[in-house]
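# fold the following and give me the result.
(one chain, ligands or ions: 2)
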Amino acid sequence: MTLRSCHSVVLAAGLGTRMKSDLPKVMHPVGGLPIVGHVLKVLSQTGSSRLSVVTGPDMPELEKLVGKLAPEARCFVQTDRLGTAHAALAASAALEDAADDVLVLLGDAPLVTSETISNVRQSLSDGADLVVVGFEAENPFGYGRMLMKDGRLLAIREEKEASEEEQKITFCNSGIMGFGGRHALELMRAIGNDNAKGEFYLTDAVEVANAKGLKVVAVAGTEAETQGINTRSQLAACEADFQSRKRAEVLESGVTLLAPETVFFSHDTIIDPDVIVEQNVVFGPGVTVRSGAQIRAFSHLEGAEVGNNAVVGPYARLRPGTVLGKDVRVGNFVEAKNARFGDGAKANHLSYVGDASIGAATNIGAGTITCNYDGFLKHRTEIGAGSFVGSNSTLVAPVTLGDGAFVAAGSVITKDVGADAMAFGRTRQQSKDGMAKVLREKLKKAKDQKS
Ligand code: UD1
Ligand code: CA
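Ligands and ions are numbered 1, 2, ... in the order given. The predicted structure is shown next:
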């Protein structure tokens, strides 16, 4: 059966006081992507055709972020924070023309899977009027408890209203709910605020729907995917779960991780099969690694592309804009930024290569530095193919070295070097025969006279 179209509302107006942060809670990153970004991403993957995000007043940076991550989303401001039902209703202008289904998600729970979202949508398409995702909580404290009877969801009881008996229930509300579009607004509007917190609880939609004789269904998710973030330690726990999930995915796809628990990924890391990743490697956002490549121990990569069979590290740092071709070698203590390495190019030791392009099969000797910054502007270094830059060379950009150029070790290169030219940018060496012996004797005599 095909899924009906759906409109998703992400609730993100909360201040996140317990994070003790100036940044809105849902903007803190997990796997390098803001919490709310994960929710938007999974919604777009599951084909939610329309999207609304409810933000709080004075959260322009959150609105900007949503505009960037999901340009199709409409943002609504919930001025007073009067509860989750009140928050969902802030988007009622968008929901009014929604003849399709409505999903409500919490913006502070980033690990929800597309599988669970699809289950909710399937259940609605199969005829449920209201669907709630529940999970077995290890410690249910603080969650709304799902009151089930004979497989039916009767009500959701918030912690503060739950009786001692109800508090023992471990099947909890994840906060993800699906409404048959025809009923969504009507159910939300019927919710009152006669409870301990004086808030409009979206969870009360369950009792309202049951009273109307509608079909209410619980769908099971896992605690790992539904966990919400309220504190920094929950943020850390969520990050850890995100990393385990990503490691499992990467291993499953055919990548070798020598010590999986020491490798850290971003939400968008792309690693082809048959890549080997050694111990203690960090992948910041925007990294792609092609098949056959090796990322050796203690390397840090961000915004970089690593070509087939390239070897990076140990102890290499690839910063944004680095593109390594096939068979490239970037070795220990080499930092590259905004730099393109042609196939087979090498920078094996102790270099900084920034704002540069290095031709195929060119060798960058140990200790070579591109001086790309003059304190005001950045400049480029262009090096052709098959060139050789001797150790400890300083390339003062802007500067161009032609194909097959050869730079003598220890040079300071300030002018362009033509193709197949050899450049010496250092003082000429002088050797004086016998001079060392003369000097030694003179110094020894001076020392003897002193003592
Ligand atoms: C909520 C659920 C609870 C569930 C838990 C799962 C209600 C009443 N309770 O509790 O059953 O087990 O999530 O994590 O729904 N928000 C607004 N405006 C508001 C209030 C909240 O936008 O006025 C947003 C928050 O930004 C947050 C989300 O709604 O993203 C959930 O709010 P929160 O206060 O964290 O609810 P919980 O107490 O965790
Ligand atoms: Ca919460």
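# surely residue 332 meets residue 349?
Yes - between residue 332 and residue 349 there is a contact under C-beta atoms under 8 Å: 6.0 Å. Every C-beta, even on glycine, is put in place using the N, C-alpha and C of the backbone.
# which elements pack onto the strand ranked longest in the chain?
Determined from DSSP state E, the single longest strand within the chain is strand 171-179. Using 3 or more C-beta pairs under 8 Å, 6 or more residues apart in numbering; DSSP states H and E as the contact test, the elements touching strand 171-179 are strand 101-106, helix 114-125, strand 130-136, strand 145-149, helix 223-226.
# again, only this time at 7 Å
strand 101-106, helix 114-125, strand 130-136, strand 145-149 (3 or more C-beta pairs under 7 Å, 6 or more residues apart in numbering; DSSP states H and E).
# tell me the most buried of the ones you listed?
strand 101-106 (a mean of 26; mean count of other C-beta atoms under 10 Å).
# other SSEs contacting that one?
strand 6-12, helix 114-125, strand 171-179.
# just read off the phi/psi values of residue 276.
Note on residue 276: backbone dihedrals following degrees, to the nearest 10 are phi -110, psi 130.
# against residue 24, how distant is it?
Distance of residue 276 to residue 24, computed by C-beta to C-beta, to the nearest Å: 39 Å.
# okay, these two: which has more neighbours?
Counted by other C-beta atoms under 10 Å, residue 276 and residue 24 do not tie: residue 24 has more neighbours, with 25 against 15.
# surely the more buried one touches residue 13?
No - assessed by C-beta atoms under 7 Å, residue 24 is found out of contact with residue 13, at 9.0 Å.
# return the distance of whichever strand or helix holds residue 205 from the chain's centre.
Using DSSP states H and E, residue 205 sits within helix 205-211. Mean-position distance between helix 205-211 and its chain equals 39 Å (C-alpha atoms, centre = their mean, to the nearest Å).
# cool, and stretch 368-381?
With C-alpha atoms, centre = their mean, you get 29 Å for stretch 368-381.
# list the buried residues in that stretch.
Neighbour-count burial for stretch 368-381 flags 368-372, 379-381 (criterion: 16 or more other C-beta atoms under 10 Å).
# from these, which land in strands?
Those of these mapping onto strands are 369-371, 381, per DSSP E.
# turn the residues you listed into JSON lines, columns for distance to residue 353 and pLDDT.
Formatted as JSON lines, those follow (distance: C-beta to C-beta, whole Å; pLDDT from 0 to 100):
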{"residue": "369", "distance to residue 353": "8", "pLDDT": "98"}
{"residue": "370", "distance to residue 353": "6", "pLDDT": "98"}
{"residue": "371", "distance to residue 353": "11", "pLDDT": "98"}
{"residue": "381", "distance to residue 353": "8", "pLDDT": "98"}
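# return the member of those residues nearest to residue 229.
Among those, residue 370 lies closest to residue 229 (C-beta to C-beta), at 41.5 Å.
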